[in-house]
Structure formats: structure tokens, C-alpha cells
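Participant: Mind folding the following:
(chains A, B, C and D)
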2 protein chains.
Amino acid sequence: MALILENIAKHVSLTPEEQALFLSKLETQTYKAKTILLNAGEICKHSYFVNSGILRSFNINDNIVEHVLAFACEGWWMSDMYSYFSQKPGQLFIEVLEESEVISLSKENQEQLFLEIPKLERFFRILIENSLVANQQRLMDNLSLPAEERFEKFCAKYGTLVHKVPQKQIASFIGVTPEFFSKMKARLLKK
Amino acid sequence: MALILENIAKHVSLTPEEQALFLSKLETQTYKAKTILLNAGEICKHSYFVNSGILRSFNINDNIVEHVLAFACEGWWMSDMYSYFSQKPGQLFIEVLEESEVISLSKENQEQLFLEIPKLERFFRILIENSLVANQQRLMDNLSLPAEERFEKFCAKYGTLVHKVPQKQIASFIGVTPEFFSKMKARLLKK
DNA sequence: AACCTTTCTTAATCTACATTAAGTGCTTTT
DNA sequence: AAAAGCACTTAATGTAGATTAAGAAAGGTT
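Facilitator: So this is what the prediction gives:
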């Protein structure tokens, strides 16, 4: 459980008692690759923190095309934020990509914690602020950069993933077809 | 000042004293069209709330191409979130599009308020949550929808703006050139 | 090992959108 | 009122990336 406490300590400092209280609200579980943690149409009742392994979130367009919204690896949080915040059915799937140890924090427990340890409200606000900034940057990148540069940015940010997740999912993340991605990669290797 | 209090009341309820304290930290000012509230390279020291009028944020790519990140009209907040949160120089410009009455909340005053009225921490967390969800949706739309549908979504969300801001800025927002946007519009009108 | 399924590659063809360029009508400036 | 500057349009041409279709690798499963 050290990782998640470090993660928190980066933004707010908890007393040992607060740490214990926080940990008591969490559940840790190991999942095999391909486990679906959340289906589209369901209400997202947990935020997930990745102790080890990789998760991804995606949606399926018109029941055909998958679009990867995000990856989460060690030390990252993941959920369907729309559904989690609003407690309404969402459009995202969350899937385990390789055997992963995942900590779950339920929405209810999170609300509880906000009351018992108000500092955590600050912590989660900062997490979301950072997500928002990253998302805006990605949006601008998608509007202004060609696929090749979007891929470079992906590598810079998720370097560890490049050889761990299927290429077609990276293609989807940066917004191109697997075929085009393959061609682009061959082009890049020539240089 | 009623509008901003209503805005807050949607998410947290303040006592009259808290309301007064909050208002005392704000500055209201009227700006003419084309006023630049923030330049790229500067540190964003304020969040802006639009009482009336329209703001937009954008960046300039390679010193040439403008990309519109967001519009803010009556009742919306705007800032360069990256720069505002981190207090480092940002890449965004914020510009007044038509004569606007704008409330400024400085970063310092916001921090103060978080200490004096912790409920506000919750309010701003919710604001940011909503932004994040909207941003993720827009990102997915950009990855999966053709320009025409992105424009429809724009109209649904910013209907009031369609005839108020220059077309080329809408084009930029949805991620196409003004020329293509013009052609697309002509095509849509035929239907 | 043999089979099946999924991922990746290659190549031809196609299309949504970009680029370039020219022209039209506005507003703003002088 | 002319000049200048923008915003918008139209049209020709160009291209990044999609689509389709096929085969080659690479896992998984029995």
C-alpha cells in the first residue's frame, strides 16, 4: 500500500491516523488480463488506482469502432469520470490489459473520506486539475499536430507502454487506424 | 453580482456572511472587444467569470495558426488552467470578443478563500470535474466524429454563439479550416 | 503439434479535409 | 470617399489518413 500513500503525499500530508483511516476504506484485488472492470451503460461506482499492471478505458462507437480514451499504469488513477461524478450510466469500458493489482475506492467511501479528512478533497481536486490540464493539452495536440507528432508525444508520456499494449490500441489512442499506424511506424523506422 | 452567487448556489450553499466574504475578494471590470486579458508566455494570475459578453482562449502554433480552445459566455468561468494551477507561464491567450463585464478572482484570493470557506474547495472541485468531463467528451468527439457532427454538437452546446463570433473561430474550435467550414456550411444549408 | 483467433503488415484505391489563390463584400481608418 | 484591412466565399489542386482486402506473424487453446 506504500505506492498510494506516496501518491497522496505528493500533494497533501496525512497523519498516521489519517493514513490508516484512508487505507481502511480501500480494497485491493488482483485481476487477470482481459477482465472488464466496468461496462458501458453501467454506473461507475469505483475509482481505480493501479498498483501494478495496466488498465485502459475506451468506448465503442455505433457498436463497431473502439476508441481508447486513456491508459493507466502503475501509480495512475482511472475511472469513468462522467459516470463516477454524476452516478449516471456512462459510455466507457474499463479493461485490465495485463495481470494487475488494483485498489478500488468506492464513491461512497470517497464521500465519507471527504467529510472525515477534508484535506483529501484538496488531494482529489489537484488530481482532477492535472487530468484536466493534460486533457486540454491532448485536445490541442489533436487539433494541431499530425499523427506522427502525436505518436511522439505518446511515447514521451507513456514510453513504458509502447511495447506492452497492442499497437492497434495505441493507434486508437492517437486517433488513426491500425493500418495507417503500421505504415507510419515503418516510415519512422527508416529514419 | 447575483449571477456568480447563483452559480455557486448550484453546488454549495453559503451563509450570507460567507457570500459577503466571497464577494469582497472579487473585482469586476468592463472590457472592450479585442482586449487581451492574458498573453501566451505570461503567468495566469486570475480566473475570470463572465457576467456578460464573450471570452475566448486560444493558442498560436509556430507563431502562425490560431487554435481556439474554448469560448466562455454569460455564467461561465475561464482561465488558462495549466498556468493558473501551476503558476508557470502558459501558452494560451485570453481575449474579449465583445464588450464584456468580467469578474476576476486572483489565485491568491482563491487560496485564501479555500482556507476561510472550505466549502469553496468543493465548489471549485465540482467546476473542474465538469470541465474535465466536457473535455473528455470533446476529445472523443474529435477522435470519432466527422466535422459536420462536431459542428452540430457545437451548435447544441454554444447555440447562442453561432451568430456572434467570427465563423473562422468556430472553424478553429471544431478543428477545420475556415475555407472548409464555409463549404460545409453551404452544404448544410442546402438540406 | 495443429488449430484458431487475433494482431500486424502491405498495397491499391478512395475521401475528408488542407492548401493555394482569387474574388467579394464588410468595416474601420484616414 | 478612397484606401486598407478583415471575414467570408468559391474553386482548383494536393495530401494525410481511411477503407478495403489480402496475406503473414504471433499468441492461445485443445
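Participant: CA only for contacts and neighbour counts going forward, please
Facilitator: Noted.
Participant: Enumerate the positions of the helix or strand where A:Y84 lies that are buried.
Facilitator: Remark: A:Y84 resides in helix A:81-86, with elements defined by DSSP states H and E. By 16 or more other C-alpha atoms under 10 Å in any protein chain shown, the buried positions in helix A:81-86 come out as A:81-85.
Participant: Report whether the next helix or strand after that helix contacts DNA strand D.
Facilitator: Counting by DSSP H and E, the next helix or strand C-terminal to helix A:81-86 is strand A:93-106. No: judged by C-alpha under 7 Å from any atom of the strand, strand A:93-106 stays clear of DNA strand D, getting no closer than 9.1 Å.
Participant: Can you spell out which helices and strands pack onto strand A:93-106?
Facilitator: With contacts taken as 3 or more C-alpha pairs under 8 Å, 6 or more residues apart in numbering or on different chains; DSSP states H and E, strand A:93-106 sits against strand A:26-31, strand A:36-38, strand A:46-61.
Participant: among the ones you listed, which is the most enclosed?
Facilitator: strand A:46-61 (a mean of 21; mean count of other C-alpha atoms under 10 Å in any protein chain shown).
Participant: In chain A, where's the longest helix?
Facilitator: The longest helix of chain A (DSSP state H) is helix A:119-144.
Participant: tell me the mean pLDDT over it?
Facilitator: Averaged across helix A:119-144, the pLDDT comes to 94.
Participant: again with stretch A:88-101
Facilitator: 96.
Participant: what about it, near DNA strand C?
Facilitator: No: judged by C-alpha under 7 Å from any atom of the strand, stretch A:88-101 makes no contact with DNA strand C; its nearest approach is 10.2 Å.
Participant: quick one: contacts of that stretch?
Facilitator: For stretch A:88-101, the surrounding residues in contact (C-alpha atoms under 8 Å, 6 or more residues apart in numbering or on different chains) are A:28-44, A:50-60, A:79-80, A:82-83, A:165.
Participant: go with 6 Å
Facilitator: A:29-43, A:51-59, A:83 (C-alpha atoms under 6 Å, 6 or more residues apart in numbering or on different chains).
Participant: picking that back up, can you say which of the helices and strands packed on strand A:93-106 is nearest to DNA strand D?
Facilitator: Proximity to DNA strand D (C-alpha to the nearest atom of the strand) singles out strand A:46-61 among the helices and strands packed on strand A:93-106, at 11.5 Å.
Participant: Give the rounded mean pLDDT of whichever helix or strand comes after the closest one.
Facilitator: Where DSSP H and E defines the elements, the next helix or strand beyond strand A:46-61 is strand A:65-73. For strand A:65-73, mean pLDDT is 95.
Participant: just to revisit the earlier point, same list, the helices and strands packed on strand A:93-106, but as CSV with distance to B:V65 and mean pLDDT please.
Facilitator: Shown next, in CSV, are the helices and strands packed on strand A:93-106 (distance: least, C-alpha to C-alpha, whole Å; pLDDT from 0 to 100):
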stretch, distance to B:V65, mean pLDDT
strand A:26-31, 46, 95
strand A:36-38, 40, 96
strand A:46-61, 31, 95
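Participant: circling back: how about the helix or strand just after the longest helix of chain A and DNA strand C, any contact?
Facilitator: Note on helix A:119-144: by DSSP H and E, the next helix or strand toward the C-terminus is helix A:147-158. No: if you take C-alpha under 7 Å from any atom of the strand as the test, helix A:147-158 misses DNA strand C, and the best it gets is 12.5 Å.
Participant: which of the residues in whichever helix or strand comes after helix A:147-158 are buried?
Facilitator: Using DSSP H and E, the next helix or strand after helix A:147-158 towards the C-terminus is helix A:167-174. Neighbour counts over helix A:167-174 (16+ other C-alpha under 10 Å) mark A:168-174 as buried.
Participant: tell me, which of those residues make contact with chain B?
Facilitator: Filtering the buried residues of helix A:167-174 for proximity to chain B by C-alpha under 6 Å from any C-alpha of the partner chain leaves nothing.
Participant: count of residues packed around A:L105?
Facilitator: Look at A:L105: counted by other C-alpha atoms under 10 Å in any protein chain shown, it has 19 neighbours.
Participant: Quickly list what it is bridged to.
Facilitator: A:L26, A:S47 (DSSP bridges).
Participant: Spell out which residues of chain A are next to DNA strand D.
Facilitator: Residues of chain A lying near DNA strand D (C-alpha under 7 Å from any atom of the strand): A:145-148, A:175-177, A:179-181.
Participant: go again using 10 Å as the cut-off
Facilitator: Proximity of chain A to DNA strand D, by C-alpha under 10 Å from any atom of the strand, involves residues A:33-34, A:65, A:98, A:142-150, A:164, A:166, A:171-172, A:174-184.
Participant: what about stretch A:62-71 and DNA strand C, touching?
Facilitator: No: against DNA strand C, stretch A:62-71 shows no contacts by C-alpha under 10 Å from any atom of the strand, the least distance being 10.9 Å.
Participant: Great, nothing more from me.
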